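sequence plus the predicted model coming up.
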Amino acid sequence: MSFSAEVRDELARCAPTCEYCNLATLAALTRVCGTLSITGPEHYRLAIATETGAVARTMIGLTHQILKLKTEFTVRRSVLHKVRNYLITLPDQPDLKKALVLLGILDRQGALVGGIPHHIVARPCCAKAYIRGALIAGGFVADPRGDFHLEIAINGAELAQALAGLISKIGIAARVNPRRSSYAVYIKSAAGIKELLEIVGAERSVAEIEDARAVKLVKNDVNRRVNAEMANQGRSAGAAQQQLDLIAQLEAAGLRDTLPEALEEFCQLRVAHPDLSLRDLGAYATPPLSKSALYHRVLRLSRLLEAHLAAHTSN
């Protein structure tokens with residue numbers, strides 16, 4: 001089961017906070033994945049198609065519980081994608097129009113509603129229940145072991161903007177992105193996704209996200225340390241090679257035999273330990289020397305060679 005399916009299944013099992021929360025959840029389910037057909041004057045047909053068992057289970061249960069309407073249920077199997085597809089149909093029946101008004105799909109005059117009617121999300125708990133229903137119906141939550149991403153696929157710009165506004169009202173920044181034939185209400189920050197799922201009741205999923213974030217932090221810290229160490233080793237290796245080249249030039253110029261004892265000691269140490277950094281090389285000196293002390297010896301050697309070359313050039 002994908003992480004999205006786990007989240008949807010967990011949300012579908014959340015208990016309502018008040019007596020109107022289930023209505024808000026059902027309203028979101030029907031708006032997000034339902035299709036309304038007008039079969040004649042005052043005659044309608046509502047069909048909800050989904051590949052998610054949690055959506056089908058919740059839709060049928062709440063429809064019978066709240067609306068008391070007859071439903072038709074069909075299970076189809078896609079040969080191409082090898083997945084089940086559930087179709088829940090509310091056929092034309094005497095109280096269907098009243099139910100469509102109650103769900104905020106139609107207004108009292110029979111016109112389609114674009115946004116989210118206030119009566120459905122008037123209470124804070126019902127607003128959360130509506131968001132929960134939208135997540136159950138069209139939510140996608142990326143596996144937290146990869147990139148953090150949550151989005152809800154919505155048909156209709158007005159509904160998408162209204163849902164994003166509803167999420168923003170509870171303190172979480174949500175944006176709307178137009179797609180080819182729909183809109184995506186999305187959140188990309190890990191903190192925002194975690195907070196939203198926590199608010200709507202997906203506590204188990206939040207715990208998985210926390211675990212994934214902890215693992216990511218450790219991995220990122222390890223990678224950062226490894227990269228820094230490799231960069232340091234690369235710089236040290238480059239500096240050591242420059243010092244070996246300097247010693248070779250001193251020998252070629254006949255200066256090696258005339259070096260003071262301290263400088264000759266450095267040359268011997270560097271030739272004996274060509275891979276060590278100056279900090280580690282100092283431990284082999286007698287007495288041990290600091291990185292700064294050895295660096296000053298390198299500078300002295302470099303100045304000696306420059307002075308020698310300058311003198312021969314002037315001659």
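Alright, I've got the coordinates. Please read all numbers here as calculations on a predicted model, not as lab measurements.

which element is Cys193 on?
Heads up, residue 193 is Ile, not Cys. Element membership for Ile193, per DSSP states H and E: helix 190-200.

just how off-centre is that helix within its chain?
Relative to its chain's centre, helix 190-200 lies at 12 Å (CA atoms, centre = their mean, to the nearest Å).

and the next element down the chain from that helix?
Reading on from helix 190-200 to the C-terminus, the next helix or strand found by DSSP H and E is helix 203-252.

next, the angle from that next one to helix 190-200.
With axes from the mean of the first three to the mean of the last three CA atoms, to 10 degrees as the basis, helix 203-252 and helix 190-200 are set at 170 degrees to each other.

give me the mean pLDDT for helix 203-252.
The average pLDDT within helix 203-252 is 78.

just give the nearest non-adjacent residue to the spatially most central residue of the chain, would you?
For the chain, the residue nearest the mean C-alpha position is Phe148 (1.1 Å; CA atoms, centre = their mean). Distances taken as CB to CB, 6 or more residues apart in numbering place Ala190 nearest to Phe148, at 4.1 Å, with adjacent residues excluded. C-beta: built from backbone N, CA, C; applies to glycine.

ok, that neighbour - how many residues close by?
Residue neighbour count, defined by other CB atoms under 10 Å, stands at 18 for Ala190.

does it really touch Arg213, like I thought?
Yes: assessed by CB atoms under 8 Å, Ala190 is found in contact with Arg213 at 6.0 Å.

check contacts around the residue nearest to Phe148.
Contact analysis of Ala190 by CB atoms under 8 Å, 6 or more residues apart in numbering lists Pro144, Phe148, Ile209, Arg213.

which one of those is nearest Thr25?
When those are compared for distance to Thr25 (CB to CB), Ile209 wins out at 22.5 Å.

Ser4 versus that closest one, what's the distance?
According to CB to CB, to the nearest Å, Ile209 and Ser4 sit 13 Å apart.

the two - which one has more neighbours?
Ile209 (23 against 18).

return the residues in contact with Ser205.
The neighbours of Ser205, taking CB under 8 Å, 6+ apart as the test, are Phe3, Glu6, Val7, Glu10, Val141, Leu197.

for Leu276, helix, strand, or coil?
With DSSP: H, G, I helix; E, B strand; the rest coil as the basis, Leu276 sits in coil.

just give me the neighbour total for it.
Leu276: 17 surrounding residues under other CB under 10 Å.

related to what we said a few turns ago, look up how far Val101 lies from the residue nearest to the centre of the chain.
Counting by CB to CB, the gap from Phe148 to Val101 is 39 Å.

just Ile172 next, same as before
Distance from Ile172 to Val101, by CB to CB: 30 Å.

swap in Ala190?
To Val101, Ala190 is 40 Å away according to CB to CB.

same deal with Arg270?
88 Å.

more neighbours: these two, which one.
Arg270 (22 against 17).

next up, the contacts around the more buried one.
Contacts for Arg270 (CB under 8 Å, 6+ apart) come out as Ala240, Gln243, Leu244, Ile247, Leu281.

ok, the third one touching Pro274?
Okay, so that is Leu244. Yes: Leu244 is within contact range of Pro274, at 6.0 Å (criterion: CB under 8 Å).

where does Arg76 land in three-state SS?
Put simply, Arg76 is strand when judged by three-state DSSP.

which residue, neighbours along the chain excluded, lies closest to it?
Leaving aside its sequence neighbours, Arg76 sits nearest to Asn85 (CB to CB, 6+ apart; 4.5 Å).

how about Phe266?
Leaving aside its sequence neighbours, Phe266 sits nearest to Arg297 (CB to CB, 6+ apart; 4.4 Å).

which parts of the helix or strand encompassing the one you found are buried?
According to DSSP H and E, Arg297 maps onto helix 291-314. Applying a neighbour-count criterion of 16 or more other CB atoms under 10 Å, one finds Leu294, Tyr295, Arg297, Val298, Leu301, Leu304, Leu305, His308 buried in helix 291-314.

repeat for stretch 122-132
By neighbour count with 16+ other CB under 10 Å, stretch 122-132 contains the buried residues Cys126, Ala127, Lys128, Ala129, Tyr130, Ile131, Arg132.

closest one to Asn22 out of these, please.
Nearest to Asn22 among the buried residues of stretch 122-132 is Ala129, at 7.3 Å by CB to CB.
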